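Colleague: Build me a structure from this.
(one chain, ligands or ions: 1)
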Amino acid sequence: MTTSYLHLTPDFDLSARNTLALKARSRWGAMLKTVDQVPALFALAAERGLPLRILGGGSNVVLSAEFDGITAVVATRGRSVVEQTEEHVLVEAAAGETWHDFVVWAVEQGFGGIENLAGIPGTVGAAPVQNIGAYGAEVADVFDSLTAFDTVEKVFKTFSSAECAFAYRDSVFKHQAGRYVVLSLRLRLLRPWKPNLRFAGLAELVDSPGLDPRTVMDRVLYLRGSKLPDWRVTPNAGSFFQNPIVPPEEAAPIVAAIPAAPNFPQADGRTKLSAGWLIEQSGLKGFRMGRAGISERHALVVVNLGGADASDIAALAGHVKATVKARFGIALHEEPVFL
Ligand code: EPU
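Modeller: The predicted model follows:
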């Protein structure tokens, strides 16, 4: 099935398009290579009465085994320096670019500001949706603006940081899931560069002579590699649960019983706990259930042991949540989106 703009592939296999490598197929598939194809595709789907879902790098999703509609992969390309002043560099990338390649591209030009976010799987378009973060930084810190297609009003829109309502692993795009398709992202990297070395494994770089963004990036990649399983080897979706942010009365009994429990007081009076620690303390690190399991290397990572589909992942996640709730009284929430 083709239009002047779009080619739809029947019986589209998505198992190589999600980092959990789940068995997943879609009745139709499309590759979106230009921004103009986005409204055209939504019009086509509406005309044919077909459900439509949008996929980036597939690194933060649990895909259903069968989807009776169109799955469109955002595959737009392009990176550019929009403006350079003494105070900042504005850089922009198309949503379909790989996030990590964008970080490397910036670092190679000597632009600092996103080196702590190196190695995060997924695309540029997905980065603001869950406000990706690691090593004491998140995309909101350097965000300038983004453009998106509003699938309800059928217009292209520009979003400021305030309009995105960023929070820990959260934005307006999560709350209005499916409404907006992010098309490009613009970041404001401040000058002079100030390294962000607050995170434990990075602090030892403080006072390194001639420290540059590349050295920090290399250190981040080393730390990630030493902790997190590589999805190309052991299929996974990164952190599978968010770190729970709970009222003090829920955190207090845990910290009183086990003083070593990682706990981070938040500005709003609540406390952030470590989901990985809660899962490990519940005896689930390395736990296996059917074709899915908890990584032996990091308790926050759910892995596909071979041949899993969404039902295996859902069953395992349900078991983990119930076990942690029973042991600590804490409700965990999944980070990936179930599509
Ligand atoms: N921990 C355990 N057992 C484990 C893993 C961790 O007890 O198996 C405890 C340790 O005490 C450790 C603490 O949990 O000190 C925190 O672990 P880690 O430093 O690995 O960070 P995290 O909170 O588990 C978060 C992000 C990661 C990000 C790292 C590094 C979330 C949900 N996850 O993990 O993001 O890479 O910090 O900054 O916020 C992702 O989102 O996919 C992701 C990998």
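Colleague: how near is R232 to the ligand?
Modeller: As judged by CB to the nearest ligand atom, to the nearest Å, R232 and the ligand stand 15 Å apart. The way it works is simple: take the backbone N, C-alpha and C, and place the C-beta from them, glycine included.
Colleague: Sheet partners, orientation included, of the longest strand along the chain?
Modeller: Counting residues, the longest strand found in the chain (DSSP state E) is strand 180-190. Applying DSSP bridges, strand 180-190 is found paired with strand 88-94 (antiparallel), strand 143-150 (antiparallel).
Colleague: To the ligand, which of the ones you listed lies closest?
Modeller: Closest to the ligand of the strands paired with strand 180-190, according to CB to the nearest ligand atom: strand 143-150, at 17.2 Å.
Colleague: Put the alpha carbons of the closest one into PDB.
Modeller: Output in PDB follows, covering the C-alpha atoms of strand 143-150 (Å, rounded to 0.1, in the frame of the first residue of the first chain):
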ATOM      1  CA  PHE A 143      16.800  22.000  26.900                       C
ATOM      2  CA  ASP A 144      16.100  25.000  24.700                       C
ATOM      3  CA  SER A 145      13.000  24.000  22.700                       C
ATOM      4  CA  LEU A 146      11.500  21.300  20.500                       C
ATOM      5  CA  THR A 147       9.100  21.000  17.600                       C
ATOM      6  CA  ALA A 148       6.300  18.400  17.500                       C
ATOM      7  CA  PHE A 149       3.300  17.500  15.500                       C
ATOM      8  CA  ASP A 150       0.000  17.900  17.400                       C
END
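Colleague: immediately after it, which helix or strand?
Modeller: Tracing the chain past strand 143-150, the next element assigned as helix or strand by DSSP states H and E is strand 155-159.
Colleague: Look up how far the ligand lies from the nearest residue to A331 once chain neighbours are set aside.
Modeller: In space, and not counting its chain neighbours, A331 is closest to K325: 6.0 Å by CB to CB, 6 or more residues apart in numbering. Shown here: K325 relative to the ligand, a distance of 18 Å by CB to the nearest ligand atom.
Colleague: Run a quick neighbour tally on K325.
Modeller: Other residues within reach of K325, judged by other CB atoms under 10 Å, total 14.
Colleague: Next: L305.
Modeller: L305 - counted by other CB under 10 Å - has 15 other residues nearby.
Colleague: my guess is it contacts R288, does it?
Modeller: Yes: taking contacts as CB atoms under 8 Å, L305 lies within contact range of R288: 6.5 Å.
Colleague: Would you reformat the strands paired with strand 180-190 as TSV and include mean pLDDT and mean neighbour count?
Modeller: Output for the strands paired with strand 180-190, formatted as TSV (pLDDT from 0 to 100; neighbours: other CB atoms under 10 Å):
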stretch	mean pLDDT	mean neighbour count
strand 88-94	98	21
strand 143-150	98	20
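Colleague: possible to save those as a markdown table with distance to the ligand?
Modeller: Formatted as a markdown table, those follow (distance: least, CB to the nearest ligand atom, whole Å):
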| stretch | distance to the ligand |
| --- | --- |
| strand 88-94 | 20 |
| strand 143-150 | 17 |
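Colleague: Strands along the stretch 151-300 of the chain, start to end?
Modeller: Secondary structure of the stretch 151-300 of the chain (DSSP state E, counting those that start in this stretch): strands at 155-159, 180-190, 236-239, 245-246, 263-265, 271-273, 288-289, 292-294.
Colleague: Return the residues in contact with the residue of the stretch 101-250 of the chain found nearest the ligand.
Modeller: Closest to the ligand within the stretch 101-250 of the chain is G238: 2.4 Å, counting by CB to the nearest ligand atom. Applying CB atoms under 8 Å, 6 or more residues apart in numbering, one finds that G238 lies in contact with 19, 59-60, 120-121, 228, 231, 301, 335.
Colleague: Present those residues as a markdown table; the columns should include pLDDT.
Modeller: What follows is the contacts of G238, written out as a markdown table (pLDDT from 0 to 100):
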| residue | pLDDT |
| --- | --- |
| T19 | 97 |
| S59 | 96 |
| N60 | 94 |
| I120 | 97 |
| P121 | 95 |
| L228 | 95 |
| W231 | 96 |
| V301 | 98 |
| E335 | 95 |
